Each structure stands twice: as structure tokens, then as C-alpha cells.
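> Sequence and predicted structure, then a few things I'm wondering about:
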Amino acid sequence: MREVVSIGLRNLARRRSRTALTLGMIFFGTLLIVFGVGLGEGTYADLIELATRSWAGHFQITADDYHDKQSLFTTIDDYRPLLSKLAENKEIDGVAPRVESAGLLALGNRTTGVFATGVDPVLENKVTTVSRTLLEGEWLQSGGTAGELPIILGSGVAKRLRAKVGDEVSFVGQAADGSIAADLFNVIGIMESGMLELDATAVLIRLDDAQEMLSLDGRVHKIVGVLKSISLADKLGGLLKLPEDLHYRGWKEVMPQLAQTIKSDRSGLWIFNLILLAVVALGVTNTMSMAVIERSRELGVMSALGTTPARLVGIVLGEAAWLSLIGVGTGLAAGIAVNLLTLKWEIPVASEPISYGGIEIASMHATNTVEAVLYWPAIILICALIASLPPAIRTARMRPADAIREG
Amino acid sequence: MTEPVAKLIDVKKYYKLRGETVKALDGVTLTISPSSFMAVAGPSGSGKSTLLNLVGALDTPTSGEVIVNGENLAHLSGTEQAMMRRDHIGLIFQSYNLIPVLTSLENVEYVMLLQGVERAERKERSLALIKEVGLSGMEDRRPSELSGGQQQRVAIARALVSRPSLVLADEPTANVDSKTGGALLDTMAELNERHGTTFIFSTHEKMVMDRASRVVRLRDGRVEADEAG
Ligand SMILES: Nc1ncnc2c1ncn2[C@@H]1O[C@H](COP(=O)(O)OP(=O)(O)OP(=O)(O)O)[C@@H](O)[C@H]1O
Ligand SMILES: [Mg+2]
């Protein structure tokens, strides 16, 4: 089939401007898709990483219906053996226990509703990045401190109370034994994670303090964990064989809003890509139809000389294959390069950070994922070849006498 | 009796043109025996090209039968017809019809390439024939870089190089000067004598008809006369 290769190439070279036009179309189509998909997937990965790593974790374990109805009394009792069992699992990178309680926080005559979380200062630090999102002040220390109990406020909470580091605030809530839970806390830090809801309502205290205040000795509401690979988040639950009353949830179940936003965004991207694909395919069909009509005499002569119909199809497809290979190849290379550049120079999304699925993002970058650099370019290539089939088959069906007369 | 190279039995070819029927061939019966050197003559529009196209399996008749090399063309698939053309028929067109992107040498080699002839043999046979038609030194030129007569000589080399048993030439001398035309006829006559290749060529020209051993005259798609040259 060597003649197929060289005839195809030479014909492309002979029709420079049309070849260039179609090549340009395939090139830009591929570039846009590689960049668009790379940007989408890169942003999704960032968002998921940010959301899971800054607070929610890759998975959470809770008792009974705690996830749906956050009752103070729905606890994981005797959580320590479970915690060490999880810590030994080789897929798991870290786990941290939490106690949670809604309540009121007051400073002077100002009061605001908050969601208090008791965290283990050391373990929490290994699982989430929340300790590194402090705007001012410092992170919780474990071990007994005499006097006032430390508390960290979400930036929204601090704003509403007009609280600063060093202020004394009082928390009032309900304890598990039916009494009123109340304590004075000393503000040691103010955090801003970029997760809007968290910053607006969260306050963090030490796990031990929370357990004591809420009368929850030795019990927690939640175990939050991160995995070596987030891709396991959906499957790990099945592998853990937890007791019946405990429930595992991957990040998609923990943050359905984020998962849903990404899903619908992805389908938007799909539609955009399909439109680009259609444009590219039409361009190839058009170019090859023109090429075939223009050369019907020449193809007729080839047929007259004894070129079989199958081989004629091969010649036309060969030409389309060159066109598509060169267009997709250069488009792919350019797309990969652009994606790499965005790693270095992030793209600012707007003058103000935008909120996406409850997370604030200020800039984006594209990633060369398998979808971006393998699946989609392959789809473009296949579509381009399929698009050149109709003119190729039409050529093979022509009677040589007609083809030669028409040319 | 040797088997005929080609046989036409009551062949008709009608074209529908804006409601009117054009009878390009209207009942032609002919038997062409091996080693013929036959001219098809007749005024413009009498059906000469149509006849050659049907024998060359480039077109299908409206009715009647065309038998080439003992095969009824109507019974062959598109692929089988292509292989019949490749292996048994050489074609020379009035307007040369070389493949524009290929050089002279590659044009001549093309059919052998389809036949799967070895590269070295392909080249040797092509160069020999290019020399025979007087085009040595022009192997690497593209058709657009050759004169009409030179292109026609490449076309003749292309038709003959695969050693077909039947060569169909549609007005091979119409676009070349009479001296070149005479030389082309010499080449064809020599091949006819040396290898027994059958030639059927169409022409208006008296000089060409005089060289033929048989002249079939067409008028309005019918055989008007069939005489020894
Ligand atoms: N594809 C076609 N559609 C309609 N009519 C056609 C077609 N091809 C040939 N004809 C008609 O058939 C008749 C015979 O044509 P043909 O080309 O065989 O004549 P010819 O003898 O080769 O003429 P010339 O000497 O001018 O080449 C003519 O009237 C022509 O107009
Ligand atoms: Mg004619």
C-alpha cells in the first residue's frame, strides 16, 4: 500500500490552501478540546482536592442516621479500636475523630449560631489542611492547659462577632446528659478555608474539651479519613466490613452538591466538545468530498487501470488519514503544551474569586489527563476517518466511464 | 477456431437526456479475433468511445452481452472487472489521462504496482518502454511538465507495459501531430506483430484507417460497414 501513502500525501500538497484550511480546523478543534477537557478535569481535581483535603476528607464514617439527622446522641461508641484498625489499612493515609455540636457563641452583647467541632489537634493535622488556613493566631495544642479553653473561629463567625485573637467567647449548647453545655473559650485563631459554609459557621475546639463539655466521654460522632488515592473513595466502604450500625460515605456522598455540580459541568463540556467534533467532521467530509469530486477523473483513471474498489476506498481514506493525523497530532501537541503552561501561569477566573459548588476559586489550571490527551484526540481521529468514508465509498461505486467523462 | 478476444452480442447503450433517449449504440454485434489490428471509424457521436468503454469494462450496456477473454462482463463483480482490466486490458485515452501527482515513470509503473510486480522488474520494464516510446530522460517529469504528444506516449507506455492481450485506444493520434501519430502507430503495429497483442482503436483519420487490418464503421450507433483494411 505504499502508493496509497504517497499519492495521499502528494494530493494534499497539491491542494495547499484547502488542505491548510481543513488542517487548521482539525488543529484548532483538537487544541480546544484538549485544553477544554484538560482545564475542566484540572479544575475538578483541584476542587475535589481542596474540598476533601481542607475539611471533608475523602471519606467519613458515622453511626446509624447521623449523616442525615445530626443528633448529639448518635455516636460511635468505643471508637479507639476502630480508629487504630483504620490506621493500619494500607489504602488509608490518615484518620481523625470528631465531635460535633450546634450551639450559640456570644461575645459581649453579640450572639451567633455556630457549628462547633471538636478535633484531635494532632490527628486532624494529618488528615486535613484546616490548621494551615489560619488568617491569624495559632493552631490547637493537645495536652492540658490551665485556665481558659482554646477555640478557633471561622472567618465569618469572627466577623459577625467582631472577635479578634485573645477575645473571650462563651459557647452554649446541649449536653448528652440533658444538662446545658456551656463553657468559656479563648480565641486563639481565625481560619479561612475557602469553603464558604465552613468559614461562615465553624468553630473548632479540642476533642477532649468537646467530649467533656457535651458529656460524651469516649464517644465521637464522626471519623474523617483520607486515602492514598482518592479514586478508591467510592469503593473502600465495601472493603472495610464495618459493623452494621456504622456507615461509610465517600466524598461524593458527603458533598453531593459538589459532586452534582461537577457532573453537570462535565456534561456541559461534553456538549461543547460534541459541537466541535461535528464541525471537524463536517470539515473533513467537505474537504474529502471536494477532493474526490475534483479528482473524479483521476480516480476514474485509476479504476480504469485496474485499481479495485476496495483499494480506491483505501486511497481516499489514506489521504483523509494523513490530513487527520497531522491535524490531530499538531493540535494535541499544542494542547498539551498549553495545558503545561497553565500549570506555571494559572489562569485567573475573574477579578473576584467565584464560588463553585460552595468553594471559592481564584484561578484555574489545565491538566493533561487521559481524557484530555488520549480519549478525546482518539475520538476526533476516528470521527475524521468516519467522516471521510461517504466520499470514499461514493468514489468506489462510480463507473469509470462516468468518472472519466465528468473529470 | 481460436476463441475471440472480445465478442459483442446485440449490444445497446441508451442514455436518457432530458426526457429524450440518445441511442449511443443501437444493436451492435461484433466478434474480435486474437491479433486483430482493428479500427473503429465513424463520424463524431456515432458511438466509437461508447463501444470501446463497453469492451474495456468501463461501462455497462443497457442490453446485450459483452464477452471479453471468455468472460461475460455482466457476471463479474466490480472488483473482478477491475482485475480483468488490470491483467488483460491496456487503455489509451484521447486525452491521455495520466495521474497528475505521479511522474512519468510512476505512471507507467502503476499497473504493475497493482499487479504486485517486484520493484526492480517494474522499474526495468518501465524504463525500457519509456525508451521505446522515445522519452528517455523524462522519467521524473510530472504530466504537467510534458507536451501533449509526450503525455500520449507515456500513456501508451502505461497501456503496454503490463503486456495486456487487448489494447483499447480511443483516438490515440487525435491530439498529436501526424509525424508523432505515425510513430505511435508504428509502435503499436510492431507490438501487434511481435506479441500478437490485439489492438482496437477509434479514429476519424484516413491515414490511421489505412494501417488497420480491419475497419468497422459506425453510424448512429449501428455498424454501417465491416471491411478488411
Ligand atoms: N454520458 C452520456 N450521457 C448522454 N449521452 C451520451 C453520454 N455519452 C455519450 N453520449 C452520447 O452518445 C453518443 C455516442 O457518443 P460517443 O462518445 O460514443 O461518440 P464518438 O463516436 O466517440 O464521438 P467522437 O468522435 O466525438 O468522440 C453521442 O450522441 C453522445 O452525445
Ligand atoms: Mg469519442
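Looks like it arrived, so ask away. Ligands and ions are numbered 1, 2, ... in the order given.

> Low-confidence stretches in the chain?
Going with chain A. A:1-5, A:8, A:144-147, A:349-358, A:406-407 (pLDDT under 70).

> wrong one, I was asking about chain B
Using pLDDT under 70, chain B drops low at B:1, B:229.

> partner residues bridging the residue most central in space within chain B?
Central residue of chain B (Cα atoms, centre = their mean): B:Leu168, 1.6 Å from the mean position. Under the criterion DSSP bridges, B:Leu168 forms beta bridges with B:Leu91, B:Ile200.

> if I read this right, it contacts B:His88, doesn't it?
No. The criterion here is Cβ atoms under 8 Å, and B:Leu168 misses it with B:His88 at 10.8 Å. In short, each C-beta sits where N, CA and C put it, glycine included.

> Run the chain-centre distance for stretch A:385-396.
Its chain's C-alpha centre and that of stretch A:385-396 lie 39 Å apart, by Cα atoms, centre = their mean, to the nearest Å.

> Enumerate every residue touching the residue in the stretch 251-400 of chain A positioned nearest to chain B.
The stretch 251-400 of chain A approaches chain B most closely through A:Gly306 (2.4 Å), counting by Cβ to the nearest Cβ. A:Gly306 makes contact with B:Ala82, B:Met83, B:Met84, B:Arg85, B:Arg86, B:Asp87, B:Ile89, B:Val111, B:Leu114, B:Gln115, according to Cβ atoms under 8 Å, 6 or more residues apart in numbering or on different chains.

> What subset of the residues you listed is buried?
Buried by 16 or more other Cβ atoms under 10 Å in any protein chain shown: B:Ala82, B:Met83, B:Met84, B:Arg85, B:Arg86, B:Asp87, B:Ile89, B:Val111, B:Leu114, out of the contacts of A:Gly306.

> ok, which of the residues you listed also contact chain A?
Restricting the buried ones among the contacts of A:Gly306 to those adjacent to chain A (criterion: Cβ under 8 Å from any Cβ of the partner chain) gives B:Ala82, B:Met83, B:Met84, B:Arg85, B:Arg86, B:Asp87, B:Ile89, B:Val111, B:Leu114.

> so A:Leu196 makes contact with A:Ile359?
Yes. Assessed by Cβ under 8 Å, A:Leu196 is found in contact with A:Ile359 at 7.2 Å.

> Spell out which parts of the stretch 251-400 of chain A neighbour chain B.
Contacts of the stretch 251-400 of chain A with chain B, taken as Cβ under 8 Å from any Cβ, map to A:297-298, A:301-311, A:396, A:399-400.

> Buried only: go through the residues you listed for me.
Buried residues within those, defined by neighbour count using 16+ other Cβ under 10 Å: A:297-298, A:301-309, A:311, A:396, A:399-400.

> In helices, which of those residues fall?
A:Arg297, A:Glu298, A:Val301, A:Met302, A:Ser303, A:Ala304, A:Pro309, A:Arg311, A:Ala396, A:Pro400 (DSSP state H).

> and those as a markdown table, adding distance to A:Trp345?
Formatted as a markdown table, these follow (distance: Cβ to Cβ, whole Å):
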| residue | distance to A:Trp345 |
| --- | --- |
| A:Arg297 | 53 |
| A:Glu298 | 50 |
| A:Val301 | 55 |
| A:Met302 | 52 |
| A:Ser303 | 55 |
| A:Ala304 | 59 |
| A:Pro309 | 53 |
| A:Arg311 | 50 |
| A:Ala396 | 50 |
| A:Pro400 | 58 |
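
> just those residues now: which is nearest ligand 1?
Within those, the smallest distance to ligand 1 is 12.5 Å, found for A:Pro400 (Cβ to the nearest ligand atom).

> for that closest one, what are its contacts?
The contact partners of A:Pro400, by Cβ under 8 Å, 6+ apart, come to A:Gly300, A:Val301, A:Ser303, A:Ala304, B:Leu58, B:Asp59.

> one more time with 10 Å
By Cβ atoms under 10 Å, 6 or more residues apart in numbering or on different chains, the contact list for A:Pro400 reads A:296-297, A:299-307, B:53, B:56-59, B:78, B:81-82, B:85, B:91.

> how much space between the residue lying closest to B:Asp140 once chain neighbours are set aside and ligand 1?
Leaving aside its chain neighbours, B:Asp140 sits nearest to B:Thr103 (5.0 Å; criterion: Cβ to Cβ, 6 or more residues apart in numbering or on different chains). In this view, B:Thr103 and ligand 1 are 29 Å apart by Cβ to the nearest ligand atom, to the nearest Å.

> What of B:Ser44?
Separation of B:Ser44 from ligand 1 (Cβ to the nearest ligand atom): 3 Å.

> before we move on, what about A:Leu325?
Distance, A:Leu325 to ligand 1, using Cβ to the nearest ligand atom: 38 Å.

> got the ones next to chain A among the buried ones among the contacts of A:Gly306 as TSV, with secondary structure columns?
Listed next are these as TSV, based on DSSP: H, G, I helix; E, B strand; the rest coil:
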residue	secondary structure
B:Ala82	helix
B:Met83	helix
B:Met84	helix
B:Arg85	helix
B:Arg86	helix
B:Asp87	helix
B:Ile89	strand
B:Val111	helix
B:Leu114	helix
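
> Would you confirm that A:Ala102 contacts A:Gln70?
Yes. Using Cβ atoms under 10 Å, A:Ala102 is in contact with A:Gln70, at 7.7 Å.

> Return every residue with contacts to both of these two.
Taking Cβ under 10 Å, 6+ apart as the criterion, A:Ala102 and A:Gln70 both touch A:Phe115.

> Nearest to ligand 1, out of the ones next to chain A among the buried ones among the contacts of A:Gly306: which one, please.
B:Ile89 (17.9 Å).

> hang on, isn't that closest one packed against A:Ala304?
Yes. Here B:Ile89 reaches A:Ala304: they are 8.9 Å apart, a contact under Cβ under 10 Å.

> list residues touching both of those two?
Residues touching both B:Ile89 and A:Ala304 (Cβ under 10 Å, 6+ apart): B:Gly56, B:Ala57, B:Leu58, B:Leu168.

> Just give me the neighbour total for the second one.
Same thing as B:Ala57. Counted with other Cβ atoms under 10 Å in any protein chain shown, the neighbours of B:Ala57 add up to 26.

> cool, and the third one?
When neighbours are defined as other Cβ under 10 Å, B:Leu58 has 24 of them.

> List the contacts of it.
By Cβ under 10 Å, 6+ apart, the neighbours of B:Leu58 are A:300, A:303-304, A:399-405, B:49, B:52, B:81, B:85, B:89, B:91, B:168.

> Which one of A:Leu196 and A:Ile359 is surrounded by more residues?
Neighbour count, other Cβ under 10 Å: between A:Leu196 and A:Ile359, A:Ile359 has more, with 24 against 15.

> Quick check: that one vs ligand 1, distance?
A:Ile359 is 69 Å from ligand 1, where distance means Cβ to the nearest ligand atom.

> do A:Asp78 as well
Distance, A:Asp78 to ligand 1, by Cβ to the nearest ligand atom: 93 Å.

> Nothing else from me, thank you.
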